[in-house]
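S.K.: I would like to see how this sequence folds:
(chains A, B, C and D)
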Protein chains: 4
Amino acid sequence: MKVAFLGLGTMGLPMAVNLVKAGHAVRGWNRSPAPRTKLAELGAQSAATPREAAADADVVISMLADDAATRAAVIDTGTLAALKPGTIHVNMATVSVALAAELAALHEEQGIGYVAAPVLGRVNVAEAGELNILAAGAAATVAAVQPLFDVLGQKTWYLGERPEQANAAKLAVNFMIGSAIGTMGEAVALAQGHGVDKADFLELVTSTAFAAPVYKGYGKAIAEERFEPAGFKLALGLKDIRLALAAAEQVNVPLPLASALRDAHIESLAHDEGHLDWAALSRTAARRAGQA
Amino acid sequence: MKVAFLGLGTMGLPMAVNLVKAGHAVRGWNRSPAPRTKLAELGAQSAATPREAAADADVVISMLADDAATRAAVIDTGTLAALKPGTIHVNMATVSVALAAELAALHEEQGIGYVAAPVLGRVNVAEAGELNILAAGAAATVAAVQPLFDVLGQKTWYLGERPEQANAAKLAVNFMIGSAIGTMGEAVALAQGHGVDKADFLELVTSTAFAAPVYKGYGKAIAEERFEPAGFKLALGLKDIRLALAAAEQVNVPLPLASALRDAHIESLAHDEGHLDWAALSRTAARRAGQA
Amino acid sequence: MKVAFLGLGTMGLPMAVNLVKAGHAVRGWNRSPAPRTKLAELGAQSAATPREAAADADVVISMLADDAATRAAVIDTGTLAALKPGTIHVNMATVSVALAAELAALHEEQGIGYVAAPVLGRVNVAEAGELNILAAGAAATVAAVQPLFDVLGQKTWYLGERPEQANAAKLAVNFMIGSAIGTMGEAVALAQGHGVDKADFLELVTSTAFAAPVYKGYGKAIAEERFEPAGFKLALGLKDIRLALAAAEQVNVPLPLASALRDAHIESLAHDEGHLDWAALSRTAARRAGQA
Amino acid sequence: MKVAFLGLGTMGLPMAVNLVKAGHAVRGWNRSPAPRTKLAELGAQSAATPREAAADADVVISMLADDAATRAAVIDTGTLAALKPGTIHVNMATVSVALAAELAALHEEQGIGYVAAPVLGRVNVAEAGELNILAAGAAATVAAVQPLFDVLGQKTWYLGERPEQANAAKLAVNFMIGSAIGTMGEAVALAQGHGVDKADFLELVTSTAFAAPVYKGYGKAIAEERFEPAGFKLALGLKDIRLALAAAEQVNVPLPLASALRDAHIESLAHDEGHLDWAALSRTAARRAGQA
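M.R.: Numbering: from 1, shown residues only, chains lettered A, B, ... in the order given. Coordinates of the predicted model:
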């Protein structure tokens, strides 16, 4: 397929690379030019604007930083308006439910297919083509891009006909990750308050009842107090918790645990920790207890 | 070793059985007589009172329901006062940090060793002798009972010289379990609010980032809305969250997530759900959202 | 002074009337025409568009429902763009801190003075010209419109050079009102849980330590379970709590009480109570306790 | 009437003095002797033990620091056991609902009347005989001691037949006070985050919608950052919030705002602020925001 790939960041570049390697005709665009060059060296085309990248594409994949970047690249540049009927736009970024619904409507007006397909997995998982893909949109449209998903991920989870359903699910997952980190922070503060070694406690829980990737990964960082370089910045964690709360409020769902987590993240930012890894959220629990 | 086993409930009985099978001379006591008979059929002795069970024992293991039951059996009956110096009492129940500290002091006064050794694992794990044992107390005393732990569990995690440290760690773990359930409840409410199927969502998260026993087990119960029979009652979950909060307050550690969870549990009780499985905590999130 | 008055709703109309009565040349605009007619009957001029109302005005006062209505009337209609240099725009509505800052910048670019002046007080207070006015903006600009404030209110509280400071203060006050209502709701649930009569309890507290207008007013409604007609709708209370949280997040201030209140409001909306008076927030505490 | 007065602390002494001045035959006891001497100088008798004080009394009033002090003086010393049938015990201290119920049962067994009558008002109010008295117990028993209440207070609020109802109400009031302080703390943090002067903001709110004693008193302390000497210690505030939460949990009433306040108080203690005035709770909001 002719694929336009918008957004060649930490996640987007390895994804686009995998598509190139799988034999797809990829035309890549990125705001800063360096990753375009990298991708081009592997045989992809490079485009100076999103609109140029998307011209004649069968499928446009976007993997941009946030709502604003997505809106800027897809709408403000006229890219969407220039797409030919029948094109499919697959938005794999973690954006708000509100933007997903807005984009779905805009695409429908123009006869363009719109699939929301945010992913689970960090860079190394993206490189291995082992992402978990949360997809929503018209079933036939999702089916049409399944060959691309098969290159990018190990499994596609189909979550509903309305694209924003995938975004709601993705935000719910990210809230769960934030909750796991925040909970470890509080549990560690309790254990430490009684003189139990932090690393011992975390090894115990992440080897037993909580032997899951999220706990193991963030637990290790908390145990070692290793918050730089950030795998995923705390400030981005706050952004996702905020989007989860907004998505929930839209359908009148109160989320008290998410609210408490939001407060903790803001407190982290007030103490200049937004640039640290999400695991640094644990510092807030320690600081409140006078342990830090 | 001559082992007195006080408390032959759902967890205590299979543990005592394993000790009998391993060749230890076990004398069991339980408030209601039925499990004493069961244990006796396997070759153990049966005692009519905790004090009788403990007479001449090298090691007294107690596995009683809560602080009150422990206090009743160990102190009020004169059992502790009758122990001969050199005996070791291993308390494997989930009790409060305050009681653990009080018992540690009382035992020390009498020259009796005291080890706190609460466990992780449900009945089937106890039956298999695969518990995770969280142990604290004087290192030599813990070492002396390690042969018993080797029968009962797959691993002993040593957490400190003061027995209450093991209880603090155990309560921190149970708080984490409560938080995992409460978080799944909120995440599911968010997903459902947008029409995402609850079972689909939970399969997704518990197969990927949250592929850990706690999430898989409780996630399945939530997905199937199967809350009876209770594996572990919601009301007992509240008890443990409350003990975690008390343990934390004692050392000036605020736990906002635990506080929010405590509120949710109380709300469950106000809606007559305390007898249901802990997974039923998820109903509170749904009810708040008008989904239930 | 020649005053344009945009927004003749429940609050705006009596305020505009007072200005007419005080001898100012008022030209009023409202989206729906009825209140324009009413005002005209008292000797004011009526305008079909905000822009027409504002033409040649010395001072433009806006008192619109929310950010969207303000943005629509002031910016989208070209009203602001058409103002002559030297005009002063006094925005007396409760809008977001973000919009206040944005409007302040836009006005400055055009050489138009911008004063934020949200008010405390309900309709009857507005009618009596006894509002408390929270004003912020350049001191000289505020001084220039002080004669109008003297007509509308009993006191002007000057809160800073940057207009958004008045909005931040106003939102902080509204958060305090929401907290007072939410706190009464919980206190009443506790008292009722022990069989103490709700009305007795509320009379006690609002006659003694909490003998303040907010407690007396909302306390009476709670005691009588009289939530219709709404003096101020619960859904608007949620809007203001949300704006307070946003204003706080902007400067990294966590507000855990406001977060808990936001959750309670959303729960009210999930139970179709958004159209009731703000006092109906108390129902959520009762419902959580199984009392309602 | 012959009145035994147990507990001549900051509140108890002026109350006992008023009874003496009103012509009642008062016999006072206090753990430390100094206030006994002071009271004796005004014509009262002094007793070396609670039991001696209570001998032959018509009414025993206790005003002790907390549950433990009450239990020690009333039960452990044998005072209650020695009372003659027909005596009335009026407990005016802020104790737990659980202790009130326990004492009510113990007194009933012995044919002693038991009235719970905690008070609202600080020392100066006690001195002026202007307390608000929250009374509960058998109506006839309360009526019998009303002449004493008329000396001590400006008004008696009768709250129910079961003594613990007055304690539930009193704890609900103290939770409301804690919430008012905590809310001012957060509101001030929000205002300050936008550069609004703390004192200006607090003067504004406590002169208008929140012109009530609690807000004025604590608001002034917050504005002036004057937390010593403590009028009422933050640590005692935590004790009352904790008792309110326990009273609520007993009847399955969740109190999320009280929970959030409990966390804030514990955080204060973790930062060595428990000895400061309750108003110092506001520091926690500032510290979380990085303002302190």
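S.K.: C-alpha only now, for contacts and for neighbours.
M.R.: Fine.
S.K.: Show me the longest helix that occurs in chain A.
M.R.: helix A:164-193 (DSSP state H).
S.K.: roughly how far out does that helix sit from the chain middle?
M.R.: 15 Å (C-alpha atoms, centre = their mean, to the nearest Å).
S.K.: Then stretch A:107-116?
M.R.: 21 Å.
S.K.: The residue lying closest to A:E127 once chain neighbours are set aside: what's it in contact with?
M.R.: Nearest non-adjacent residue to A:E127, counting by C-alpha to C-alpha, 6 or more residues apart in numbering or on different chains: A:P14, 5.1 Å away. Counting by C-alpha atoms under 8 Å, 6 or more residues apart in numbering or on different chains, A:P14 touches A:8, A:123, A:126-127.
S.K.: Taking the stretch 51-200 of chain A, what residue is nearest to chain D?
M.R.: A:G193 (10.7 Å; C-alpha to the nearest C-alpha).
S.K.: List the residues that contact that residue.
M.R.: Contacts of A:G193 by C-alpha under 8 Å, 6+ apart are A:291, B:248, B:251-253.
S.K.: Closest to chain D out of the residues you listed?
M.R.: So of the contacts of A:G193, ranked by how close each gets to chain D (C-alpha to the nearest C-alpha), first place is B:N252, at 5.1 Å.
S.K.: ok, which stretches of the stretch 151-292 of chain A are strands?
M.R.: A:153-158 (DSSP state E, counting those that start in this stretch).
S.K.: just the stretch 1-150 of chain A next, same as before
M.R.: Using DSSP E, counting those that start in this stretch, strands in the stretch 1-150 of chain A cover A:2-6, A:25-29, A:45-46, A:59-62, A:88-91, A:113-116, A:119-120, A:131-135.
S.K.: Compare these and report which one is nearest to D:A172.
M.R.: The closest of the strands of the stretch 1-150 of chain A to D:A172 is strand A:119-120. By C-alpha to C-alpha, the value is 46.5 Å.
S.K.: Let me know the average pLDDT across the closest one.
M.R.: Confidence over strand A:119-120 (mean pLDDT, whole number) is 98.
S.K.: likewise stretch A:163-174?
M.R.: 98.
S.K.: try stretch A:207-214
M.R.: Here the average pLDDT along stretch A:207-214 is 96.
S.K.: measure that stretch end to end?
M.R.: For stretch A:207-214, the first-to-last residue distance is 12 Å (C-alpha to C-alpha, to the nearest Å).
S.K.: does that stretch come close to chain B?
M.R.: Yes - counting by C-alpha under 8 Å from any C-alpha of the partner chain, chain B has neighbours in stretch A:207-214: A:208-214.
S.K.: Reformat those into a markdown table and put distance to B:A104 next to each item.
M.R.: As requested, the residues of stretch A:207-214 next to chain B are exported to a markdown table (distance: C-alpha to C-alpha, whole Å):
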| residue | distance to B:A104 |
| --- | --- |
| A:T208 | 27 |
| A:A209 | 28 |
| A:F210 | 30 |
| A:A211 | 32 |
| A:A212 | 35 |
| A:P213 | 37 |
| A:V214 | 37 |
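S.K.: next one: phi and psi at the residue nearest in space to the middle of chain A?
M.R.: Chain A has A:T94 as the residue nearest its centroid, 4.3 Å off, counting by C-alpha atoms, centre = their mean. Torsion angles at A:T94 (phi, psi; degrees, to the nearest 10) stand at phi -90, psi 100.
S.K.: Distance from the chain centre to stretch A:257-270, please.
M.R.: Relative to where its chain is centred, stretch A:257-270 has its mean C-alpha point 19 Å off (C-alpha atoms, centre = their mean).
S.K.: Contacts for that stretch, please.
M.R.: A:175, A:178-179, A:182, A:234-235, A:237-238, A:241-242, A:245, A:274, A:281, A:283-284, B:182-183, B:186, B:256-257, B:260-261, C:249, C:252-256, C:259-260, C:263, D:288-290.
S.K.: hmm, try it at 6 Å
M.R.: Here stretch A:257-270 makes contact (C-alpha atoms under 6 Å, 6 or more residues apart in numbering or on different chains) with A:238, C:252, C:254, C:259, D:288-290.
S.K.: same thing with stretch A:116-133?
M.R.: A:11, A:14-15, A:90-94, A:134-136, A:152-157, A:163.
S.K.: Can I have the buried ones of the residues you listed as a ChimeraX selection?
M.R.: Of the contacts of stretch A:116-133, the buried ones can be selected in ChimeraX as follows, counting by 16 or more other C-alpha atoms under 10 Å in any protein chain shown:
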select /A:11,14,15,90,91,92,93,94,134,135,136,152,153,155,156,157,163
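S.K.: Which members of the contacts of A:G193 are classed as buried?
M.R.: A:291, B:248, B:251-253.
S.K.: quick check, nearest of those residues to D:L19?
M.R.: B:N252 (41.2 Å).
S.K.: Backbone dihedrals for the closest one, both of them.
M.R.: phi 60, psi 40.
S.K.: For A:A199, which non-adjacent residue is spatially closest?
M.R.: In space, A:A199 is closest to A:A223, 4.7 Å off (C-alpha to C-alpha, 6+ apart).
S.K.: that older thread, taking their axis directions, the longest helix of chain A and helix B:164-193 sit at what angle?
M.R.: 170 degrees (axes from the mean of the first three to the mean of the last three C-alpha atoms, to 10 degrees).
S.K.: Of the residues of stretch A:207-214 next to chain B, which pair is most distant in space?
M.R.: Maximum pairwise distance among the residues of stretch A:207-214 next to chain B (C-alpha to C-alpha): 13.4 Å, between A:T208 and A:V214.
S.K.: what separates the residue in the stretch 101-250 of chain A that chain C sits nearest to from chain D, distance-wise?
M.R.: In the stretch 101-250 of chain A, the residue that lies nearest chain C is A:E249 (6.7 Å; C-alpha to the nearest C-alpha). As defined by C-alpha to the nearest C-alpha, to the nearest Å, A:E249 lies at a distance of 19 Å from chain D.
S.K.: what's the closest non-adjacent residue to that residue?
M.R.: In space, A:E249 is closest to C:I266, 6.7 Å off (C-alpha to C-alpha, 6+ apart).
S.K.: re the thing from before, distance of the residue of the stretch 101-250 of chain A closest to chain C from B:Q110?
M.R.: 59 Å.
S.K.: now do A:E130
M.R.: Taking C-alpha to C-alpha, one finds A:E130 at 61 Å from B:Q110.
S.K.: And for A:P85?
M.R.: 86 Å.
S.K.: And A:L8, by the same measure?
M.R.: Following C-alpha to C-alpha, the distance that separates A:L8 from B:Q110 is 70 Å.
S.K.: more neighbours, the two?
M.R.: The neighbour comparison of A:L8 against B:Q110 (other C-alpha atoms under 10 Å in any protein chain shown) goes to A:L8, with 26 against 15.
S.K.: mind listing what that one touches?
M.R.: A:N30.
S.K.: Next up, phi/psi of it, please.
M.R.: Dihedral angles for A:L8 - degrees, to the nearest 10 - are phi -110, psi 50.
S.K.: Then A:P33?
M.R.: phi -80, psi -20.
S.K.: count of neighbours near it?
M.R.: A:P33: 13 neighbours (other C-alpha under 10 Å).
S.K.: all helices for the stretch 1-150 of chain A, in order.
M.R.: For the stretch 1-150 of chain A, applying DSSP state H, counting those that start in this stretch gives helices covering A:12-21, A:34-41, A:50-54, A:67-71, A:79-82, A:97-110, A:123-127, A:139-152.
S.K.: same thing with the stretch 151-292 of chain A?
M.R.: Counting by DSSP H, counting those that start in this stretch, the helices of the stretch 151-292 of chain A are A:164-193, A:198-207, A:213-224, A:234-250, A:256-270, A:282-288.
S.K.: Counting neighbours, what do you get for A:E41?
M.R.: 11.
S.K.: Could you tell me how far it is located from A:T10?
M.R.: From A:E41 over to A:T10 (counting by C-alpha to C-alpha), the distance is 17 Å.
S.K.: Outside of stretch A:207-225 itself, list whatever touches it.
M.R.: A:198-199, A:206, A:279, B:209-214.
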